[in-house]
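Using only what follows, build the 3D model:
(one chain, ligands or ions: 2)
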Amino acid sequence: MCSAVNYTTEIVSLDPLAIYINGFISSWEIAYLRDLADKEGTFTHHEAKYPDHKSHAARRIASSLYLPSDDLVVDCIVKRSTAFVGFIPNDGFEVLQVVKYHEGGDRHDPHYDRFLSPPSIPSGFTCNRVASFFVYLGDEPEGGETCFHFLQPAPQDADPEKFSNINSDDRLGFAVKPVTGNAMFWMNLHSNNTGDVCVQHSALPLKSGTKYGMNILLRRCFEA
Ligand SMILES: O=C(O)CCC(=O)C(=O)O
Ligand SMILES: [Fe+2]
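Numbers count the residues shown, from 1 in each chain. Ligands and ions are numbered 1, 2, ... in the order given. Coordinates of the predicted model:
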């Protein structure tokens with residue numbers, strides 16, 4: 001039995017569709033997931049796994065770990081995410097991934113979550129990441145915002161505890177602050193399965209503290 005969570009939503013952008021979610025994961029779920037991540041083993045530093053990615057424009061300086069899919073709480077979060085995406089045609093979620101950033105510049109430079117060259121499978125079908133959730137699992141560091149480089153700036157009356165407009169890479173970026181338990185959801189693909197160039201985003205460098213987050217990536221398979 002999954003416990004009910006009364007999250008609320010705010011539409012950030014209609015096109016591309018991007019939605020901010022308040023209270024998507026409860027505090028006991030966060031404590032549970034962080035404990036589970038610590039028990040599961042060691043976080044792998046992205047650049048230890050992929051040393052040649054150091055020269056990539058979308059450089060990712062962070063560590064990550066996959067959560068076990070057979071865990072009951074993980075399953076409840078997948079069910080909640082499935083209910084959230086509703087009628088969006090999809091083929092389920094990837095294994096949930098916890099990401100950890102340390103102070104001193106850990107970051108993820110501008111990138112897309114979709115595969116730019118999706119692997120095709122023998123049947124002639126291919127799968128890509130149609131939509132993403134990024135959930136903030138604490139702590140609340142200085143810096144470490146998720147910056148969407150092509151979304152409209154937040155309106156002046158937007159809650160400064162959650163949103164800001166900051167200049168990143170010389171572009172005005174709409175930035176989401178890592179508020180524990182809250183999440184961003186956005187679409188990566190158009191309905192014709194081509195990539196939406198407007199959802200390029202980055203995790204800005206951590207100035208101090210530690211940041212944990214979780215990627216919940218929705219798959220869609222289609223004829224290539
Ligand atoms: O850490 C963030 O704020 C965003 C992370 C992200 O975009 C990713 O892991 O793909
Ligand atoms: Fe991303």
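
Quick check: residues of this protein near ligand 1?
Counting by C-beta under 6 Å from any ligand atom, the residues of the chain close to ligand 1 are Val99, His108, Asp113, Phe134, Thr146, His201, Ala203, Gly213, Asn215. All C-beta spots, glycine's among them, are computed from the backbone N, C-alpha and C.

Restricted to strands, list these.
Val99, His108, Phe134, Thr146, His201, Ala203, Gly213, Asn215 (DSSP state E).

I'd like the residues of the chain next to ligand 1 as TSV, with pLDDT and neighbour count appended.
Formatted as TSV, those follow (pLDDT from 0 to 100; neighbours: other C-beta atoms under 10 Å):
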residue	pLDDT	neighbour count
Val99	96	22
His108	93	22
Asp113	97	20
Phe134	98	21
Thr146	96	20
His201	95	26
Ala203	95	25
Gly213	97	24
Asn215	98	19
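
Closest to Arg34 out of the residues you listed?
Taking C-beta to C-beta as the measure, Arg34 lies nearest Gly213 of those, at 11.1 Å.

Next secondary structure after the helix or strand of the chain with the lowest mean pLDDT?
Lowest on mean pLDDT, DSSP states H and E among the helices and strands of the chain sits helix 46-49, with a mean of 74. Using DSSP states H and E, the helix or strand that follows helix 46-49 towards the C-terminus is strand 60-61.

which secondary structure elements does that following strand contact?
Here strand 60-61 touches helix 46-49, strand 107-111, going by 3 or more C-beta pairs under 8 Å, 6 or more residues apart in numbering; DSSP states H and E.

Just give me how far the last one sits from the chain centre.
For strand 107-111, the gap between its own C-alpha mean and the chain's C-alpha mean amounts to 12 Å (C-alpha atoms, centre = their mean, to the nearest Å).

again with stretch 105-118
11 Å.

Identify the residues contacting it?
56-62, 101, 126-130, 132, 144, 149, 169, 188-189, 195, 199-206, 211, 215, 217, 224 (C-beta atoms under 8 Å, 6 or more residues apart in numbering).

can you check stretch 14-34 too?
Outside stretch 14-34, the residues that touch it by C-beta under 8 Å, 6+ apart are 3, 5-12, 67, 73-74, 76-77, 80, 84, 98, 133, 135, 137-138, 148, 151, 162-163, 176, 180-187, 196, 198-199, 212, 214.

do that again at 6 Å, thanks
The contact list for stretch 14-34 (C-beta atoms under 6 Å, 6 or more residues apart in numbering) reads 5, 7-12, 73, 135, 137, 181-187, 196, 198-199.

Return the most buried member of the helices and strands packed on strand 60-61.
When the helices and strands packed on strand 60-61 are scored by mean count of other C-beta atoms under 10 Å, the highest mean neighbour count falls to strand 107-111 (a mean of 18).

Direction included, what does that one pair against?
strand 60-61 (antiparallel), strand 201-203 (antiparallel) (DSSP bridges).

what's the shortest one in contact with?
Applying C-beta under 6 Å, 6+ apart, the contact partners of strand 60-61 are His46, Asp106, Arg107, His108.

I'd like those residues as TSV, with distance to Ile121 appended.
Shown next, in TSV, are those (distance: C-beta to C-beta, whole Å):
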residue	distance to Ile121
His46	25
Asp106	34
Arg107	33
His108	27
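
and which of those residues is nearest to Leu36?
His46 (20.4 Å).

show me the contacts for the residue nearest the centre of the chain.
With distances taken as C-alpha atoms, centre = their mean, the residue of the chain nearest its centroid is Phe134 (2.6 Å). The contact partners of Phe134, by C-beta under 6 Å, 6+ apart, come to Met184, Gly213.

Fine, thanks again, bye for now.
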